[in-house]
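Chemist: I would like to see how this sequence folds:
(2 chains)
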Amino acid sequence: MPVRGDWSWIGSSVRGPRHLVEGTPNQDAWRVCCRNKFFVAVVCDGLGSRTHSGFGARAACRAVVAAAGSWSRAHGSSTEALLRLIHAQWTVELGERAREECATTCLFALFTTDGRGLLGQLGDGLIYFRSRSRGGVMVGSVAQGDFTNETTGLGIATNLSAWSTTELPSTSPGDCLMIATDGVSDDLVEDRRDALLDHAAGRYSPKAADSGRVLARDLRKWPVVRHTDDKTMLFAWHGAAGGRS
Amino acid sequence: MSDLREFVRPDARPLPVIVLADVSGSMVADGKIESLNRSLEAMIRSFAEEAEGVAEIHVAVIGFADRAELVVPLQSAKSVSLKALSAGGRTAMGAALSITADLVENQEVLPRRSYRPTIVLVSDGAPTDDITGPIARFQGGSRASKADRMALAVGADADEMMLRKFVSGPEGRVYRAQDAANIRSFFKFVTMSVSTRTRSVDPNLLPALPSPGDLDLL
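Modeler: From the prediction side, this is the model:
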């Protein structure tokens, strides 16, 4: 399964109007890591009501990358083992901070060189993977809340059943991925997801040095009346289609 | 303007308010139906003028007598044109609760981007149809059970026990209006509660408001 050098990506995260007015920091975080044995993309949304949620979101990004590294080296390791590893690594990352004060959603896509693919989602937001051969795949709705701003996450969930996961076979050139926090995903038109992926591949081209800033500007000018949330979007392409930020 | 606008729903996230109004024959007495109509109209007008909140208030009205009817489908308060409700017939409250549960559970009608809905039930009598099944949907339904629920018992003949079952949960509240004039006080309270939610950091949370002094909290 191709990984090394075969993925390109673009991501950006901006503060929402509420945090801008309050002068408080962005509580979303995102991270991509492409190594010899795996590619992983992760997006986290710290819960606004918690004291250290921004720290928790950044810690979750680091935790997923670290867990992905260990998991990708262990052939035959289960999905459950990876999720337990993420929870444990996140707890380590928090140090002495209380878990519940660092609560965050956690959405990731992981592809390994030995042919394993996994989408994982704990809490609200969106992961949308489109395979050139199989069409669009979304992670299940187990972890989604029933209404906006109602979610679970690291620091809240007490059982792995709160995760939604989807295993994927090997990827191929042309496959692409979109991950977004609920500040974005709750406003997306559902039947326009594929069109959005196509649009992103053109607008956030790897040939454009400022594609990350272009995405950030589009997120800052979010065209929804009275929106308040921080916003994070990440696109990744197997093969050359996107850029880096 | 963002280049993403063609992929995004531009309208504000809705905060739904669903009113179940008893329009049975007994509501004719003592000017209750007139007071209910005036109160509903004032509440919807106030919601339509609400411009400061992070959410846009949407309203649905379900009337129930011999049968239950969705009088106002869920829509922005700004677009509601409410015709006066007329009273007459029995009290098909179970049917009204079923329509409400169907509405709340339907993500086509009430999308996930909505804030937690408020459901308001007003009645001056006892249900004349089966209520057990519909009530259970508010206790066990995935979304219906999470709705903020308030009820108003109008006069001495209202079935308080049933209203308590409807609002069951730590946040549920049942008030009593001694007479028709108090119906207005209740709807003013609902208006204040919902408007406060739309202006808060998290509109899913209920504000801590003092109960209206001229209503009994049961």
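
Chemist: got any ranges where chain A has weak pLDDT?
Modeler: A:1-5, A:138, A:140-144, A:206-207, A:240-245 (pLDDT under 70).

Chemist: which parts of it sit against chain B?
Modeler: By the rule CB under 8 Å from any CB of the partner chain, the part of chain A lying against chain B is A:18, A:48-49, A:144-150, A:186-189, A:192-193, A:195-196, A:199, A:203, A:214, A:217-228. All C-beta spots, glycine's among them, are computed from the backbone N, C-alpha and C.

Chemist: what remains of those residues if I keep only buried residues?
Modeler: Neighbour-count burial (16 or more other CB atoms under 10 Å in any protein chain shown) applied to the residues of chain A next to chain B gives A:48, A:144-150, A:186-188, A:193, A:196, A:199, A:203, A:214, A:218-219, A:222-224, A:227-228.

Chemist: looking at those, which are in helices?
Modeler: Judged by DSSP state H, these include A:Arg193, A:Leu196, A:His199, A:Arg203, A:Val214, A:Asp218, A:Leu219 as members of helices.

Chemist: contacts only, for the second one.
Modeler: The one in question is A:Leu196. A:Met178, A:Leu188, B:Leu4, B:Phe7 (CB atoms under 8 Å, 6 or more residues apart in numbering or on different chains).

Chemist: could I get those residues in TSV, plus columns for distance to B:Pro14?
Modeler: Converted to TSV, the contacts of A:Leu196 look like this (distance: CB to CB, whole Å):
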residue	distance to B:Pro14
A:Met178	25
A:Leu188	16
B:Leu4	21
B:Phe7	19
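
Chemist: out of those, who's nearest B:Met162?
Modeler: Closest approach to B:Met162 among these (CB to CB): A:Leu188, at 41.2 Å.

Chemist: does that closest one really touch A:Ala180, like I thought?
Modeler: Yes. Taking contact to mean CB atoms under 8 Å, the distance of 7.3 Å between A:Leu188 and A:Ala180 places them in contact.

Chemist: okay, and the common contacts of the two?
Modeler: Overlap between the neighbourhoods of A:Leu188 and A:Ala180 consists of A:Leu126, taking contacts as CB under 8 Å, 6+ apart.

Chemist: got a list of what B:Val167 touches?
Modeler: Shown here is B:Val167, whose contacts under the criterion CB under 8 Å, 6+ apart are B:Leu121, B:Arg149, B:Met150, B:Ala151, B:Arg173, B:Val174.

Chemist: out of those, which is nearest to chain A?
Modeler: In terms of CB to the nearest CB, no member of those lies closer to chain A than B:Arg149, at 14.4 Å.

Chemist: for the nearest residue to that closest one once chain neighbours are set aside, give me the pLDDT.
Modeler: Once its chain neighbours are removed from consideration, B:Arg149 has its nearest residue in B:Val167; the separation is 4.3 Å (CB to CB, 6 or more residues apart in numbering or on different chains). According to the per-residue confidence, B:Val167 scores 92 in pLDDT.

Chemist: which residues of chain B lie near chain A?
Modeler: By CB under 8 Å from any CB, the part of chain B that sits against chain A consists of B:1-13, B:53-56, B:112-117, B:142-143, B:146, B:201-204.

Chemist: can you dump the C-alpha coordinates of stretch A:84-102 into CSV?
Modeler: Taking only C-alpha atoms (Å, rounded to 0.1, in the frame of the first residue of the first chain), the coordinates of stretch A:84-102 have been written out as CSV:
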residue,chain,number,x,y,z
ARG,A,84,-7.0,2.0,24.1
LEU,A,85,-3.5,3.2,23.2
ILE,A,86,-4.9,6.6,22.2
HIS,A,87,-6.8,7.0,25.5
ALA,A,88,-3.7,6.0,27.5
GLN,A,89,-1.3,8.2,25.5
TRP,A,90,-3.7,11.1,25.9
THR,A,91,-3.7,10.6,29.6
VAL,A,92,0.1,10.6,29.7
GLU,A,93,0.2,13.8,27.6
LEU,A,94,-2.1,15.6,30.1
GLY,A,95,0.3,15.3,32.9
GLU,A,96,-1.3,16.5,36.1
ARG,A,97,-4.3,18.1,34.4
ALA,A,98,-7.7,16.6,35.1
ARG,A,99,-9.0,14.6,32.2
GLU,A,100,-12.5,16.1,32.4
GLU,A,101,-11.1,19.6,32.1
CYS,A,102,-9.2,18.6,28.9
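
Chemist: in it, which residues are buried?
Modeler: Within stretch A:84-102, the residues that count as buried by 16+ other CB under 10 Å are A:Leu85, A:Ile86, A:His87, A:Gln89, A:Trp90, A:Thr91, A:Glu93, A:Leu94, A:Arg97, A:Arg99, A:Glu101, A:Cys102.

Chemist: how about the helices in chain A?
Modeler: With DSSP H as the criterion, chain A has helices spanning A:17-22, A:53-73, A:79-94, A:182-185, A:193-203, A:211-220.

Chemist: isn't A:Ala236 right next to A:Trp30, touching?
Modeler: No. Applying CB under 8 Å as the test, A:Ala236 and A:Trp30 come out as separate, 10.8 Å apart.

Chemist: intersection of neighbour lists for these two?
Modeler: Looking at what touches both A:Ala236 and A:Trp30 (by CB under 8 Å, 6+ apart), the common residues are A:Ala41.

Chemist: does the lowest-mean-pLDDT helix or strand in chain B pack against any helices or strands, and if so which?
Modeler: Using mean pLDDT, DSSP states H and E, strand B:216-217 stands out as the lowest-scoring helix or strand of chain B, at a mean of 77. Identification of packing neighbours for strand B:216-217 by 3 or more CB pairs under 8 Å, 6 or more residues apart in numbering or on different chains; DSSP states H and E yields strand B:173-177.

Chemist: that'll do, ta.
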